[in-house]
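Novice: Would you be able to build a 3D model of this:
(one chain, ligands or ions: 1)
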Amino acid sequence: QNNYNSSDECPFRLSCSRNKNQTIEFPAIPVPVKLVVTDIDCQSQQLYISHPQNCLSSIFLTNNFSIFYPFYSSYYFHYLPSNTDNITFFNCSSVGQHHLRNWDQTRPGAQDMLSCPIYVAGSDESVIELDLFPCTRMFDKVLPIYSSYYIWENHLRLNWSEKTFPSHCLKYEKHNKLSKNTSIILVTTGAIVGSTMLVVLIGAFFRVYFYFKAKGEDETRLENFLKDYEASKPTRFSYADIKRITDQFKEKVGEGAHGAVYKGKLSSQIVVAVKMLNNAEGDGREFINEVGTMGKIHHVNVVRLLGFCADGFHRALVYGFFPNGSLQNFISPPDNKDAFLGWDLLQQIALGIAIGIDYLHQGCDHRILHFDINPHNVLLDNNFIPKISDFGLAKLCSKNQNTVSMTAARGTLGYMAPEVFSRNFGNVSYKSDIYSYGMLLLEIVGGRKNTKTVINDEENFDVLYPDWIHGLLDGGDIHIPIDEEGEFKIAKKLAIVGVWCIQWHSMHRPSMKTVVQMLQGEGEKLSVPSNPFNASYSMNITANTGTRCLNLELDVIQELD
Ligand SMILES: Nc1ncnc2c1ncn2[C@@H]1O[C@H](COP(=O)(O)OP(=O)(O)OP(=O)(O)O)[C@@H](O)[C@H]1O
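Specialist: Numbering: from 1, shown residues only. Predicted coordinates for the structure are as follows:
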């Protein structure tokens, strides 16, 4: 039980200031003893103190061992023999430093002698052995029973118990030590939590900022697009827009000769295909051509150019997205049940392409010649409505113009009309697209690539024409599996129209309007054309023959700029 009241005065004074050490003062007479507190251990209730001049022994010159009351100690001058009751004080101040240094340095407390000239020895210790001759013997003291001050390298350890002094005396110190630790922990934790939260907040702020910035840009982009869409013109996008639309070119849907095609989004509803054109290619004429030509065309069977990008070296074309890809994906023999679309649908597709080409040839202000009609350049929308695409090689010419001048062969081998390959076969005209369309039709019917163009030299243009087509036309071996009579009719009609379209001389080929009529009719009345590639018709048509023949009928007219 505590014998003190909270109002009782403390028998010591413990003080601390911000920059100085903690000190403890004991009310000794005549001079109070003030010592430095080096540590307080509240748990084991121990106080470690040291003398400001490193001379703890000197305290006992003028004071007895009860000086530290109410603290008690383990009471042990540890460098004294354990059985010592009396101790003797020696004043070694007159001893030279040299002598002190020669002392047994391993002896506990010997180190203190260098700074403190007061030496304490057990009364039964030998002065000779300790080599204390040069020191002056001062006096003897009796150590309290069971007690010894525990001094370790000039630190004195004092113990306390709550019973020995009023509890409020150490409250401040306990609290102070705890609060100091707690405040260090709190400050550190606070700093860590605070800085983490700051980083998170800054991160969140930038996320939100960029989110709204991007959202704002998306909205502006969409608004501009819709305005342009209403005004029927393609929108110009920056390269940054293109990256955002394609989500950093995340989903590649195909690769053409001029670059890769990526899926993108203008909004959650507007899905687009972005064709990135290879930077290194040409002088950008095809790009300008495509933007210039396609920007003007709006037809259900022609891919609409929604936008483009011409930003530094970056060139891109933005179209509507067609999940079914190109017609090439569906050119398959009828016995391939997975990819075969059925004869009715194939006929609808063939008709749609013909209507699209007819629109290009007749329906616009200027005649547009595509020059690269082939199954890769026909895309299919969700409902398998065909869309003609890829206008990089297209030419604009005036309506009353029959032929165009062309400086180099253009198009895809196998679909390229002979006159496009070499001017020696005649003049290039809108009929050149009809030839390509005819080849496409025959591929649809055959379900495979049935033409293989071999170019030997400028003078010879050999086409390996499949015999089975004439089997189909003549009623012989039709080569393709057909289940029903109706289907046979469709296949035969498509083949007849196809062969008409690939007639060697362009004047023998029908116009697209006629092709549309032929496809829309029953097909029974269609006459079967002669095989343009049979021997009698000349498999190898030499250049001169063609030129002579065609030049009589068609004049060369310059294309429009
Ligand atoms: N608008 C689109 N929607 C969906 N897929 C498309 C679209 N445009 C192109 N693709 C896909 O990307 C592929 C490549 O198209 P692209 O037009 O670049 O090349 P190509 O016509 O095959 O060859 P080339 O570049 O020689 O004309 C197509 O085969 C098709 O699968």
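Novice: which residue sits closest to Ser232, ignoring its sequence neighbours?
Specialist: Excluding the flanking residues, the one nearest Ser232 by CB to CB, 6 or more residues apart in numbering is His298, at 6.1 Å. Every C-beta, even on glycine, is put in place using the N, C-alpha and C of the backbone.
Novice: Please, which helix or strand holds the one you found?
Specialist: Using DSSP states H and E, His298 falls within no helix or strand.
Novice: buried set for stretch 324-341?
Specialist: Asn324, Ser326, Leu327, Gln328, Phe330, Ile331, Ser332, Pro334, Phe340, Leu341 (16 or more other CB atoms under 10 Å).
Novice: burial of Asp381, as a residue count?
Specialist: 15 (other CB atoms under 10 Å).
Novice: scratch that, Gly122 is what I was asking about
Specialist: 19.
Novice: ok, the helix or strand that Lys252 is a member of: who's next to it in the sheet?
Specialist: Following DSSP H and E, one finds Lys252 within strand 251-256. Here strand 251-256 is paired, per DSSP bridges, with strand 259-265 (antiparallel).
Novice: Toward the C-terminus, what is the element adjacent to the partner strand?
Specialist: strand 271-277.
Novice: Against which helices or strands is that following strand packed?
Specialist: If you count contacts as 3 or more CB pairs under 8 Å, 6 or more residues apart in numbering; DSSP states H and E, strand 271-277 packs onto helix 239-245, strand 259-265, strand 314-320.
Novice: in this structure, which helix has the most residues?
Specialist: Longest helix in the chain, counting residues (DSSP state H): helix 168-230.
Novice: Now do the strand holding Lys252 against strand 271-277, angle only.
Specialist: 50 degrees (axes from the mean of the first three to the mean of the last three CA atoms, to 10 degrees).
Novice: Send over strand 251-256 as CSV, restricted to the C-alpha atoms.
Specialist: The C-alpha trace of strand 251-256 is given here as CSV (Å, rounded to 0.1, in the frame of the first residue of the first chain):
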residue,chain,number,x,y,z
GLU,A,251,-7.3,-5.9,-81.6
LYS,A,252,-5.9,-6.6,-85.0
VAL,A,253,-8.5,-8.0,-87.4
GLY,A,254,-6.5,-8.4,-90.6
GLU,A,255,-3.5,-7.4,-92.6
GLY,A,256,-3.6,-6.1,-96.1
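Novice: Identify each buried residue in it, please.
Specialist: Going by 16+ other CB under 10 Å, strand 251-256 has these buried residues: Val253, Gly256.
Novice: Stretch 508-526 now?
Specialist: Residues of stretch 508-526 classed as buried under the neighbour-count rule (16+ other CB under 10 Å) are Arg509, Pro510, Met512, Thr514, Val515, Val516, Met518, Leu519, Gly523, Leu526.
Novice: Have a look at this structure and report the helix or strand with the lowest mean pLDDT.
Specialist: Ranked by mean pLDDT, DSSP states H and E, the helix or strand of the chain with the weakest confidence is helix 543-551, at a mean of 32.
Novice: Get me the contact residues on the stretch 351-500 of the chain for the ligand.
Specialist: Residues of the stretch 351-500 of the chain that fall close to the ligand, judged by CB under 6 Å from any ligand atom: His376, Asn377, Leu379, Ser389, Asp390.
Novice: and the first one, what does it touch?
Specialist: The contact partners of His376, by CB atoms under 8 Å, 6 or more residues apart in numbering, come to Gly256, Ser326, Leu327, Gln328, Asp390, Thr412.
Novice: one more time with 7 Å, if that's ok
Specialist: When contacts are counted by CB atoms under 7 Å, 6 or more residues apart in numbering, His376 touches Ser326, Gln328.
Novice: and what of the third one?
Specialist: By CB under 7 Å, 6+ apart, Leu379 lies in contact with Val303, Phe322, Gly325, Ser326, Lys387, Ser389.
Novice: How confident was the prediction at the residue of the stretch 351-500 of the chain found nearest the ligand?
Specialist: Ranked by CB to the nearest ligand atom, the top residue of the stretch 351-500 of the chain for proximity to the ligand is His376, at 3.7 Å. His376 is assigned a predicted lDDT (pLDDT) of 90.
Novice: Same question for Ala191.
Specialist: For Ala191, pLDDT reads 91.
Novice: coming back round to it: any figure for the gap between the residue of the stretch 351-500 of the chain closest to the ligand and Gly259?
Specialist: Between His376 and Gly259 the distance is 14 Å, computed by CB to CB, to the nearest Å.
Novice: Then Asp131?
Specialist: With distances taken as CB to CB, Asp131 is found 99 Å from Gly259.
Novice: higher neighbour count, these two?
Specialist: Gly259 (18 against 15).
Novice: ok, the more buried one - contacts?
Specialist: Lys275, Met276, Leu277, Asn278.
Novice: near the ligand, from those?
Specialist: Lys275.
Novice: Tell me which of the contacts of Gly259 has the lowest pLDDT.
Specialist: Lowest in pLDDT among these is Asn278, which has 80.
Novice: Where do the helices of this structure begin and end?
Specialist: Under DSSP H, the chain gives helices at 59-62, 97-102, 127-130, 168-230, 239-245, 285-294, 343-358, 418-421, 431-446, 468-474, 485-501, 512-520, 543-551.
Novice: most residues in a single strand of the protein, which one?
Specialist: strand 33-41 (DSSP state E).
Novice: Close to the ligand: what parts of this structure are there?
Specialist: Counting by CB under 6 Å from any ligand atom, the chain sits next to the ligand at 253-258, 261, 273, 275, 319, 321-322, 325-326, 376-377, 379, 389-390.
Novice: at 8 Å what do you get?
Specialist: 253-261, 263, 272-273, 275, 303, 319-326, 328-329, 372, 374, 376-377, 379, 387, 389-390, 392, 412 (CB under 8 Å from any ligand atom).
Novice: before we move on, back to that, for Ser238, state which of the buried residues of stretch 324-341 is nearest.
Specialist: Closest approach to Ser238 among the buried residues of stretch 324-341 (CB to CB): Ser326, at 28.4 Å.
Novice: So what's the residue count around the closest residue to the ligand within the stretch 101-250 of the chain?
Specialist: Shortest the stretch 101-250 of the chain-to-the ligand distance, computed as CB to the nearest ligand atom: residue-wise this is Thr246, at 12.7 Å. Burial of Thr246 is recorded as 22 neighbouring residues (other CB under 10 Å).
Novice: who are the neighbours in contact with it?
Specialist: Thr246 sits in contact with Tyr262, Gly264, Val274, where contact means CB under 7 Å, 6+ apart.
Novice: what are the phi and psi values for it?
Specialist: In terms of degrees, to the nearest 10, the main-chain angles of Thr246 are phi -90, psi 10.
Novice: how close does it sit to Cys309?
Specialist: 11 Å.
Novice: What sits closest to Leu519 if chain neighbours are left out?
Specialist: Leu351 (4.8 Å).
Novice: isn't that neighbour right next to Gly521, touching?
Specialist: No: when contacts are counted by CB atoms under 7 Å, Leu351 is not listed as touching Gly521 (11.0 Å).
Novice: Most neighbours of all the contacts of Thr246, which one?
Specialist: Going by other CB under 10 Å, Val274 tops those with 27 neighbours.
Novice: out of the residues of the stretch 351-500 of the chain next to the ligand, who's nearest Ile59?
Specialist: For those, the nearest to Ile59 is Leu379 (102.5 Å; CB to CB).
Novice: Show me the shaky parts of the stretch 451-561 of the chain.
Specialist: 451-486, 532-561 (pLDDT under 70).
Novice: can we see that at 50?
Specialist: 451, 453-461, 464, 535-561 (pLDDT under 50).
Novice: repeat for the chain
Specialist: 1-2, 75-76, 78, 108, 146-148, 172-175, 450-451, 453-461, 464, 535-561.
Novice: how far does stretch 357-367 stretch from start to finish?
Specialist: In stretch 357-367, first residue to last residue: 10 Å (CA to CA, to the nearest Å).
Novice: Could I get the buried residue list for that stretch?
Specialist: Of the residues in stretch 357-367, those buried (16+ other CB under 10 Å) are Ile357, Asp358, Tyr359, Leu360, His361, Cys364, His366, Arg367.
Novice: Nothing else from me, thank you.
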